[in-house]
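Chemist: coordinates only, sequence not included:
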């Protein structure tokens with residue numbers, strides 16, 4: 001009966017969810033209602049999906065408004081009408097156009113004007129699809145207007161936005177937030193009415209007893225609307241079903257591509273390989289996923305033609321067809337990857353490819369997808385009101401001082417300290433917290449559909465410039481809209497840039513084929529970097545945790561790295577399985593303690609669950625669940641379920657089946673606890689393997705071209721560590737790192753031989769225009785010969801020139817920078833107007849006789865710290881305190897369980913909350929020789945001996961050892977003082 005209902009997807013306006021709307025409608029005896037969010041269709045699909053549970057026939061539409069002013073409400077007669085409404089809204093959203101006062105003529109929609117709008121327009125002619133909406137409050141004035149005689153055009157338009165006084169208060173606060181105004185100054189025109197709520201059917205009939213034809217008109221209108229989508233088990237894939245013009249042609253193309261890739265991947269194929277290809281092709285065809293593979297191949301093929309590097313990962317790496325097509329570089333035969341994890345007959349959703357590209361190239365790939373395929377959009381995600389954001393927004397609405405807002409937002413207050421408004425912030429903050437705040441773009445999801453996108457949703461046009469739907473991944477999958485995952489990462493950019501740097505810095509070296517991963521895997525020098533924890537800069541294996549794990553496991557091959565990249569995940573780690581895996585890896589006798597059935601199922605991981613596939617195997621072979629039921633567990637672990645009911649049912653069956661097989665409860669619940677510990681964290685084995693492939697590519701470059709690789713790392717924003725540490729690593733690899741130079745530096749870092757010139761981009765206060773000018777001039781007219789030559793050729797202020805001189809950019813002149821600074825001041829008339837126009841004649845420069853200036857390397861170091869953020873000199877040389885007798889990092893293994901003193905420059909630090917809720921700290925340092933050592937700070941020393949930023953620390957503690965990896969359990973630390981800044985004298 002209600003034609004104009006809002007949810008909280010009427011952003012910063014509505015006050016409850018689409019499910020709460022249905023609950024309310026059911027409680028009030030409604031058989032049919034229309035969801036019409038304001039300029040938004042985010043909730044429509046889930047509203048339709050959930051309506052069956054409440055025995056309500058759903059109608060969907062859009063409340064078209066300019067700001068808070070309602071122009072008209074559009075209702076979809078059918079799916080075509082929903083498409084028309086979405087397309088109309090999207091046209092206005094993309095072009096940032098105002099909604100017109102008069103509704104468009106759309107063939108499959110009804111348009112309802114509010115009575116107020118009709119009166120303002122003085123509209124007297126109505127088409128068949130146009131109606132006049134009358135609310136309960138409008139009944140007071142309807143008899144006194146000409147519209148009382150438009151009997152067949154009148155319908156009920158009782159807006160539903162709030163449920164009660166509390167909702168109305170929340171609504172007003174949301175409106176104040178949206179208008180960025182104090183609540184006391186919020187205009188009434190920006191609010192709904194307190195009476196904009198739902199009434200029971202009997203109450204409605206009572207209020208409209210003199211106008212009962214309005215209710216019958218409304219019912220007739222609702223009865224003429226019908227919307228249908230299939231969800232869950234009934235859904236069909238809405239993705240583009242054909243790549244070419246028929247299913248046969250698609251399958252022939254897929255077979256042809258497999259045949260083309262076969263000799264490149266397998267020089268000596270076995271029968272097992274051929275059988276696997278046959279099985280996969282048959283399954284892919286039967287499941288109608290052929291076009292999905294071909295589309296992914298098309299995207300990857302385009303990137304290869306453009307010279308881009310990619311990584312295909314996720315469960316897609318379990319497929320040999322994907323391997324043959326070049327979508328992934330992981331051999332599923334070598335790794336015994338479980339094909340059913342990727343595609344199985346019980347799974348209606350298509351396989352899952354996550355394709356990574358360089359962060360620099362991802363946008364071009366996305367642009368290609370939008371131009372190559374017809375019906376494309378980005379997937380959305382909802383940014384919700386989080387606690388701190390709510391407190392800050394409501395604090396401003398209530399006019400709280402900033403200090404009070406800060407205290408409440410970080411929880412540093414006692415409730416008695418709060419005034420009335422502070423309590424209101426907390427009270428209504430809880431109500432609004434979790435509401436959608438605004439729509440954003442999913443990090444990687446792209447939709448490629450058979451039908452136009454607007455059959456499912458309106459679209460927005462965010463700053464990225466690509467149309468974006470208004471629903472998220474969960475509802476998308478429910479309705480059969482499955483995303484393609486196109487991601488951007490810096491690791492691939494490092495690889496590609498390193499190859500380009502090698503080509504210019506070592507032009508005589510042979511061209512590197514970075515796809516020859518099989519060769520890299522077997523290279524003992526590359527594997528030695530893994531085993532020794534010397535992978536700084538290499539994607540995914542450089543962190544302190546991975547470095548330590550590599551050394552504990554003595555990882556020195558590809559399969560070992562695949563396992564390591566999974567067991568480091570929190571699920572495996574927190575359950576104790578990581579510890580047990582290391583023990584069984586290092587001690588073959590310990591492997592015999594595993595349960596025989598589990599050892600048989602997972603021989604490669606010594607009977608320990610490490611990957612998501614292991615859960616499938618254990619659920620199927622140990623507990624006797626079907627593959628479909630096992631996949632419910634796997635999806636539950638990934639968080640990809642709407643309700644835990646299905647997961648709980650499978651859990652009960654798991655336990656019952658195990659008891660029926662005669663397993664004891666101790667074993668059953670030990671295995672089940674391992675499964676549960678995977679929740680949200682476990683990797684698919686193919687996913688780990690894909691990461692490992694990229695790691696090996698990086699490790700090969702780090703092993704044989706360390707300087708070029710480190711320049712590429714620096715030029716792509718580094719990784720786990722700071723810029724300063726990557727510069728330290730470059731020096732450790734034999735590089736000579738120079739401050740920016742006006743003749744050799746570029747915006748990024750640049751290497752000549754073994755000398756790395758830092759880029760101008762590191763100079764914090766150097767303007768982009770200055771950099772652009774000096775580089776353009778140098779490119780056009782050659783290197784600068786002197787300071788005078790530079791001043792003649794580049795328009796620059798004294799402030800900007802001072803930065804360049806202080807960092808040593810003119811050191812090639814051989815003139816001390818103190819003298820250059822004075823020369824610059826004398827020669828650069830800061831008060832005269834300088835233009836960018838090239839001078840016809842070179843000016844004559846005066847030569848000034850200046851006194852001798854003295855400076856030291858310490859002054860240079862402080863200039864570098866100020867301008868770059870770090871010194872290029874060794875921190876240990878800057879220390880102003882004598883060092884006590886101490887050991888070096890490489891000597892730690894000789895002092896296990898003994899108290900020692902080490903001195904180290906801080907590299908990284910992080911906090912960790914232990915199981916007893918107490919805070920611990922983990923730090924990584926490098927000693928004077930550049931070798932790493934790690935420290936553990938328990939709660940009793942965390943606050944007593946804090947770590948305050950970069951510097952050299954005296955670390956005193958006991959050497960502890962675990963699986964051959966040593967670290968220091970800290971008892972006390974002290975940051976050493978630096979030599980005083982001579983510039984302050």
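Modeler: Nice, thanks for sending it over. If you're wondering where the values come from, they're calculated on a predicted model, not measured in any experiment.
Chemist: Out of the helices and strands in this protein, which is least certain?
Modeler: Ranked by mean pLDDT, DSSP states H and E, the weakest helix or strand in the chain is helix 339-342, scoring a mean of 62.
Chemist: I'd say residue 8 and residue 434 touch.
Modeler: No: the pair formed by residue 8 and residue 434 falls short of the contact definition of Cβ atoms under 8 Å, at 9.2 Å. Any C-beta I mention is one placed from the backbone N, CA and C, and that applies to glycine too.
Chemist: Tell me which of those two has more neighbours.
Modeler: residue 8 (28 against 15; other Cβ atoms under 10 Å).
Chemist: Over to that one: give its phi and psi.
Modeler: The phi/psi pair for residue 8 (degrees, to the nearest 10) reads phi -70, psi 0.
Chemist: Name the nearest residue to it, sequence neighbours excluded.
Modeler: Spatial nearest neighbour of residue 8, excluding adjacent residues (Cβ to Cβ, 6 or more residues apart in numbering): residue 14 at 4.3 Å.
Chemist: residues contacting the residue nearest the centre of the chain?
Modeler: Against the mean C-alpha coordinate of the chain, by Cα atoms, centre = their mean, the closest residue is residue 443 at 4.8 Å. Each residue near residue 443 by Cβ atoms under 8 Å, 6 or more residues apart in numbering is listed here: 381, 487.
Chemist: Burial check on the nearest residue to residue 207 once chain neighbours are set aside, number of neighbours?
Modeler: The shortest distance from residue 207 to any non-neighbouring residue, by Cβ to Cβ, 6+ apart, is to residue 136 (5.5 Å). Close neighbours of residue 136, defined as other Cβ under 10 Å, add up to 19.
Chemist: how many neighbours does the residue nearest to residue 8 have?
Modeler: 28.
Chemist: Helices of the stretch 601-750 of the chain, start to end?
Modeler: Using DSSP state H, counting those that start in this stretch, the helices of the stretch 601-750 of the chain run over 612-617, 627-637, 645-660, 665-677, 685-704, 706-715, 723-732.
Chemist: Quick one, which of those gets closest to residue 589.
Modeler: Of all the helices of the stretch 601-750 of the chain, helix 665-677 sits nearest to residue 589, with 20.8 Å by Cβ to Cβ.
Chemist: ok, back up a step: backbone torsions only: list them for the residue nearest to residue 207.
Modeler: Phi and psi for residue 136, reported as degrees, to the nearest 10, are phi -60, psi -40.
Chemist: ok, which stretches of the stretch 151-300 of the chain are helices?
Modeler: So, for the stretch 151-300 of the chain - with DSSP H, counting those that start in this stretch - the helices run 165-179, 201-207, 212-223, 247-265, 271-286, 290-305.
Chemist: which secondary structure elements does the first one contact?
Modeler: If I follow you right, that is helix 165-179. helix 387-397, helix 420-432 (3 or more Cβ pairs under 8 Å, 6 or more residues apart in numbering; DSSP states H and E).
Chemist: wait, which of those is closest to residue 482?
Modeler: That would be helix 387-397 among the helices and strands packed on helix 165-179, by Cβ to Cβ, at 31.5 Å.
Chemist: which intervals of the stretch 751-900 of the chain have sub-threshold pLDDT?
Modeler: 829-854 (pLDDT under 70).
Chemist: Just the strands from it, written as ranges.
Modeler: 755-757, 899-913 (DSSP state E, counting those that start in this stretch).
Chemist: Among those, which comes closest to residue 600?
Modeler: Across the strands of the stretch 751-900 of the chain, closest to residue 600 is strand 899-913 (Cβ to Cβ), at 36.4 Å.
Chemist: strand partners of the closest one, parallel vs antiparallel please.
Modeler: In the sheet, strand 899-913 lines up against strand 919-926 (antiparallel), strand 952-962 (antiparallel) (DSSP bridges).
Chemist: of those strands, which approaches residue 260 most closely?
Modeler: Ranking the strands paired with strand 899-913 by proximity to residue 260 (Cβ to Cβ) places strand 919-926 first, at 47.0 Å.
Chemist: Report the next helix or strand after the helix or strand hosting residue 366 in sequence order.
Modeler: Assessed by DSSP states H and E, residue 366 sits inside helix 362-372. Sequence-wise, the next helix or strand downstream of helix 362-372 (DSSP H and E) is strand 375-384.
Chemist: would residue 34 count as being in a strand?
Modeler: Yes: under DSSP: H, G, I helix; E, B strand; the rest coil, residue 34 falls within a strand.
Chemist: Disregarding residues adjacent in the polypeptide, which is nearest to it?
Modeler: Nearest non-adjacent residue to residue 34 (Cβ to Cβ, 6+ apart): residue 59, at 3.9 Å.
Chemist: who does the helix or strand hosting that neighbour touch, helix- and strand-wise?
Modeler: Assigned by DSSP H and E, residue 59 belongs to strand 57-66. Where contact means 3+ Cβ pairs under 8 Å, 6+ apart, strand 57-66 is packed against strand 2-5, strand 32-38, helix 44-51, strand 69-76, helix 79-94.
Chemist: do that again at 10 Å, thanks
Modeler: Judged by 3 or more Cβ pairs under 10 Å, 6 or more residues apart in numbering; DSSP states H and E, strand 57-66 is in contact with strand 2-5, helix 18-27, strand 32-38, helix 44-51, strand 69-76, helix 79-94, strand 109-114, helix 212-223.
Chemist: Kindly present the ones you listed as JSON lines, with separate columns for mean neighbour count, distance to residue 709 and mean pLDDT.
Modeler: Formatted as JSON lines, the helices and strands packed on strand 57-66 follow (neighbours: other Cβ atoms under 10 Å; distance: least, Cβ to Cβ, whole Å; pLDDT from 0 to 100):
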{"stretch": "strand 2-5", "mean neighbour count": "27", "distance to residue 709": "59", "mean pLDDT": "96"}
{"stretch": "helix 18-27", "mean neighbour count": "19", "distance to residue 709": "51", "mean pLDDT": "96"}
{"stretch": "strand 32-38", "mean neighbour count": "26", "distance to residue 709": "51", "mean pLDDT": "97"}
{"stretch": "helix 44-51", "mean neighbour count": "24", "distance to residue 709": "47", "mean pLDDT": "96"}
{"stretch": "strand 69-76", "mean neighbour count": "24", "distance to residue 709": "56", "mean pLDDT": "97"}
{"stretch": "helix 79-94", "mean neighbour count": "20", "distance to residue 709": "43", "mean pLDDT": "97"}
{"stretch": "strand 109-114", "mean neighbour count": "25", "distance to residue 709": "59", "mean pLDDT": "96"}
{"stretch": "helix 212-223", "mean neighbour count": "17", "distance to residue 709": "66", "mean pLDDT": "94"}
